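Chemist: Coordinates for the following, if possible.
(2 chains)
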Amino acid sequence: MSPDGAPADVRLSPTQAVWLVAERELRTRLRSKAFRITTVALVVLVVAFAVVMSLIGSLGSTSKVGLTEATAGLQQQVVATAKAQGRDVVAVVVSSEAAGRKQVSNGKLDALVVGTSGARLQVVVDKSLDDSLRATLTAVAGRAALNSAISRLGGDPEQVAAQVARADVSVSALQPETTYSPQRLAVGSVAGILIYLALIATGQLVAMGVVEEKSSRVVELLLATIRPWQLMAGKVLGIGLIGLIQVAVVGIAGMLAGQLAGSLSLSVSASVGIVVWLIVWFVLGFTLYSLVFAGLGALVSRQEDVGGVVAPATMLLVVGYVVGISVLPSSPANTAVAVMSLLPAFSPTLMPMRLAMGAVPVWQIAVSLVLALAAIPLLVALAGRTYRNGVVRTGARVSLRDAVRP
Amino acid sequence: MTAARGLEFERIHKRYGELVALDDLSFDIGAGEVFGFVGSNGAGKTTTMRIALGVLSADSGQVRWDGEPITFETRRRIGYMPEERGLYPKMRVGEQLVYLARLHGLSKAAAAERTRAWAERLGVASRLDDDVLKLSLGNQQRVQLASALVHDPQVLVLDEPFSGLDPVAVEVMSSVLREKADTGVPVLFSSHQLDLVQRICDRVGIVQDGRMVACGTVDELRGAGPEQVVVDVPGADPSWAYAVPGVEVVGNDGSAVVLKLEPGLDDQTVLHAALAIGPVREFARRRPPLTELFKDVVSAPADEPREGQEAATAGGVR
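Modeler: Next up, the predicted model:
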């Protein structure tokens, strides 16, 4: 069979060219072991996190208090007081004080109320009484003291209690207070870790992909057929889709695991909102950073040099992430972080964390989005130029100043 | 000169900062012609080819195909083989070839069909599902050639296509080049293997310091320059030739001497001088091999003029 045939149709639109490049990235990378392993590892990680959180939650929240025959009358009061204070306390009556002490020492009971003397409750604990339980029991003791005093004065404790219960403070706040549930803080932290890892990983992939083409000289063949920007755009698009698949899979797996394991009591709409924001910010952050990574990657010719040349971009990602993860969980309304989260260099890492934690003013969301979107054309121009100038120069590292020259 | 379907380089200039890489380089390759591009390392061959492919842009000058300046679209009709391997190491041979064919504008089906056909022709069909990385260098080179041919190019530009090939592959490669040329494709390739260039090229260009210093058919080049004769006078002291006016001794091979004649000197004068010494066994015009020409041309601008032994290679003396 002769290899020669009719002359080929050589038309190829820019879109087709970009898509061909992207398709190759998708195909070769989806098949790579590295991709499968990291995706599975990340899914395992977030699922494990969700399960551990739910275990910690169930261990910490309920305390168990034992009552002897002498104090059995307090059973209802203990439970009711704890509930009023927002705690889960189970009160059980033990068969004997001795049996109760045994249960305390082997950890089945957190505390055993053995008797009252005046306004004092006598409580037996293993080592120490934890603060929240102490508060509950102190309130119970105080109530008992009050009741007996009212009775002594000829009043009706029930009536007084009912009146006290009606007493309330009427609050009119000038500024609505923002409350952050610990759950959302945790979800925000996980979102931060996830987007940080995804951006770092995909950014590195882009830079390494650029250098792979440079070091193998395949770029020369490619640039004989398509324009530099088409190659760069295709590569960024392909790797971006890979990253998006990864983030979506991991984000959804984490949310599902959290819901199923019961560690999350977020509404479905809030969960979906968090995942959607995560994806939006991944897309924006990836576009911003991958352009920078592609431009920087084009400056060097060897894989060993990739780490060094992309270090400035990596640093920006790390700074955003570290600031977010170290400041936000304890102080989600921090002003400095709020300002940083508006800037395109940090918004991809900080905004999704803040959004997951909740209570971000709409104007701040809008400003961060506008700034990020505005930065994209600027980076396209800069990175495109750097890429075009750097990509065919093999050998020594091309200086950034040389590369950004038109 | 407008060669139909030919490739023309006209007055190409290119500098890298202070370094002049190409200085007013002009030559053309006719349709159906195999053109050998020869020169020392750094002479400008790769730069010229890269400019034709648009990987580099010239400072001035023009590359034309079929009479028209090469545009981005017509560039896709060129089959190109870069000097170093230009393949993804971790991608399957078959997918790679299909991918490159499609980048040149072929449909998926056509790309797959061409890939198979060329892989068979070049003897790598059994390796289509292997990563390029796993192939021997020789086979990688065959794949490389397949990648230059897979889109049925109408121009071939190959940088060092023969380096690293075993003799069998060299034969396959040269027959493929000839075949493509026979379909009317201009074929430009560079090589350091001058014997090979001499054997398979219709025309040769020798480039030195960015300038075309010699260009023509192999016969033209070998026939140019001072006339040379080989004279064999067995038993005579080869030094007899020094006595003949207007003759320079270029080298000797046993009792035979290679002589360079001054322009206008009648070779019969030399023959008479030789006969005066003794019986002449051999007296022949000598056409220096390309290797020797190349050395002469390339060393011409050098400071010390070359003489004697070095320039004579036994291979050319008969």
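
Chemist: Residue numbers of the stretch 101-250 of chain B in contact with chain A?
Modeler: B:102-107, B:110, B:113-114, B:117-118, B:120-121, B:147, B:149, B:151-152, B:154, B:179, B:183 (C-beta under 8 Å from any C-beta of the partner chain). To be clear about C-beta, it is placed using only N, CA and C from the backbone, and glycine gets the same treatment.

Chemist: Next step: those restricted to helices.
Modeler: B:102-103, B:110, B:113-114, B:117-118, B:120-121, B:147, B:149, B:179 (DSSP state H).

Chemist: For whichever residue of the stretch 51-200 of chain A sits closest to chain B, which non-adjacent residue is spatially closest?
Modeler: As assessed by C-beta to the nearest C-beta, chain B sits closest to A:Ile200 within the stretch 51-200 of chain A, at 21.8 Å. Spatial nearest neighbour of A:Ile200, excluding adjacent residues (C-beta to C-beta, 6 or more residues apart in numbering or on different chains): A:Leu317 at 5.8 Å.

Chemist: check contacts around that neighbour.
Modeler: Residues counted as contacts of A:Leu317 (C-beta atoms under 8 Å, 6 or more residues apart in numbering or on different chains) are A:196, A:199-200, A:203, A:289, A:348-349.

Chemist: How is it assigned, secondary-structure-wise?
Modeler: helix (DSSP: H, G, I helix; E, B strand; the rest coil).

Chemist: pLDDT value on it, please?
Modeler: A:Leu317 carries a pLDDT score of 92 in this model.

Chemist: Show me which residues of the stretch 101-250 of chain A sit near chain B.
Modeler: A:212-213, A:216-227.

Chemist: how about a cut-off of 7 Å?
Modeler: A:216-218, A:220-226 (C-beta under 7 Å from any C-beta of the partner chain).

Chemist: Hmm, A:Asp113 is touching A:Arg120, no?
Modeler: Check again: residue A:113 is Val, not Asp. No. A:Val113 is not in contact with A:Arg120 according to C-beta atoms under 7 Å; the separation is 10.8 Å.

Chemist: Between the two, which has more neighbouring residues?
Modeler: The neighbour comparison of A:Val113 against A:Arg120 (other C-beta atoms under 10 Å in any protein chain shown) goes to A:Val113, with 25 against 12.

Chemist: got a list of what that one touches?
Modeler: Contacts of A:Val113 were listed using C-beta atoms under 7 Å, 6 or more residues apart in numbering or on different chains, and they are A:65, A:67, A:71, A:74, A:121, A:123.

Chemist: What separation do you get for the residue of the stretch 51-200 of chain A closest to chain B and A:Leu342?
Modeler: 21 Å (C-beta to C-beta, to the nearest Å).

Chemist: Packing partners of the helix or strand bottoming out on mean pLDDT in chain A?
Modeler: Lowest on mean pLDDT, DSSP states H and E among the helices and strands of chain A sits helix A:400-404, with a mean of 73. Helix A:400-404 is packed against helix A:362-391, with contacts defined by 3 or more C-beta pairs under 7 Å, 6 or more residues apart in numbering or on different chains; DSSP states H and E.

Chemist: can you count the residues close to A:Ala186?
Modeler: 20.

Chemist: hmm, I was thinking of A:Ile279
Modeler: 17.

Chemist: What of A:Asn389?
Modeler: 19.

Chemist: and what of A:Val89?
Modeler: Neighbours of A:Val89 (other C-beta under 10 Å): 22.

Chemist: B:Asp219 now?
Modeler: Considering only other C-beta under 10 Å, B:Asp219 is surrounded by 10 other residues.

Chemist: cool, A:Gln159 as well?
Modeler: Neighbours of A:Gln159 (other C-beta under 10 Å): 10.

Chemist: where does the stretch 201-350 of chain A dip in pLDDT?
Modeler: A:262-266 (pLDDT under 70).

Chemist: repeat that for 80
Modeler: For the stretch 201-350 of chain A, applying pLDDT under 80 flags the ranges A:217, A:258-259, A:261-271.

Chemist: For A:Arg184, grab the count of nearby residues.
Modeler: Considering only other C-beta under 10 Å, A:Arg184 is surrounded by 21 other residues.

Chemist: ok, now how distant is it from A:Met353?
Modeler: 10 Å.

Chemist: Ok, A:Gly324 next?
Modeler: 5 Å.

Chemist: So if I had to pick from these two, which one is more boxed in?
Modeler: A:Met353 (34 against 29).

Chemist: Provide the secondary structure category for the nearest residue to the more buried one once chain neighbours are set aside.
Modeler: Closest residue to A:Met353 apart from its sequence neighbours, by C-beta to C-beta, 6+ apart: A:Gly192 at 3.9 Å. Secondary structure, three-state DSSP: A:Gly192 is helix.

Chemist: ok, back up a step: quickly check the contacts of A:Leu317 for the two that are furthest apart.
Modeler: Farthest-apart pair in these is A:Gly203 and A:Thr349; separation 11.9 Å (C-beta to C-beta).

Chemist: So which of these two has more stuff around it?
Modeler: A:Thr349 (30 against 27).

Chemist: helix or strand for the nearest residue in space to A:Phe282 that is not next to it in sequence, which one?
Modeler: Closest residue in space to A:Phe282, ignoring its immediate chain neighbours: A:Val247 at 4.8 Å, by C-beta to C-beta, 6+ apart. Per DSSP states H and E, A:Val247 falls inside helix A:228-261.

Chemist: tell me the pLDDT at the nearest residue to B:Ala111 once chain neighbours are set aside?
Modeler: Spatially, and ignoring its direct neighbours in sequence, B:Ala111 is nearest to B:Ala101 (3.7 Å; C-beta to C-beta, 6+ apart). pLDDT, B:Ala101: 92.

Chemist: Look up how far B:Pro153 lies from B:Ala101.
Modeler: In terms of C-beta to C-beta, B:Ala101 sits 11 Å off from B:Pro153.

Chemist: One more: B:Leu133?
Modeler: Counting by C-beta to C-beta - B:Leu133 and B:Pro153 are separated by 26 Å.

Chemist: Neighbour count: the two, which is higher?
Modeler: Higher neighbour count among B:Leu133 and B:Pro153: B:Pro153, with 21 against 12, using other C-beta under 10 Å.

Chemist: The more buried one: what's it in contact with?
Modeler: B:77-79, B:185.

Chemist: rerun at 6 Å
Modeler: B:Pro153 makes contacts with B:77-79, as judged by C-beta atoms under 6 Å, 6 or more residues apart in numbering or on different chains.

Chemist: With distance to chain A added, can I get those in a markdown table?
Modeler: A markdown table is the format used below for those (distance: C-beta to the nearest C-beta, whole Å):
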| residue | distance to chain A |
| --- | --- |
| B:Arg77 | 6 |
| B:Ile78 | 7 |
| B:Gly79 | 9 |
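
Chemist: Spell out which parts of the stretch 301-406 of chain A neighbour chain B.
Modeler: By C-beta under 6 Å from any C-beta of the partner chain, the part of the stretch 301-406 of chain A that sits against chain B consists of A:Val392.

Chemist: Tell me which residue in the stretch 301-406 of chain A sits closest to chain B.
Modeler: Closest point on the stretch 301-406 of chain A to chain B, by C-beta to the nearest C-beta, is A:Val392, at 5.6 Å.

Chemist: residues near residue 53, how many?
Modeler: Defaulting to chain A. A:Met53 has 21 nearby residues by other C-beta under 10 Å.

Chemist: Sorry, I should have been clearer: chain B.
Modeler: The number of residues near B:Leu53, taken as other C-beta under 10 Å, comes to 22.

Chemist: That one contacts A:Thr225, doesn't it?
Modeler: No. Under the criterion of C-beta atoms under 6 Å, B:Leu53 makes no contact with A:Thr225, lying 9.1 Å away.

Chemist: hang on, the earlier thing: quick one: buried ones out of the ones in helices among the residues of the stretch 101-250 of chain B next to chain A?
Modeler: Among those, those classed as buried by 16 or more other C-beta atoms under 10 Å in any protein chain shown are B:102-103, B:110, B:113-114, B:117-118, B:121, B:147, B:149, B:179.
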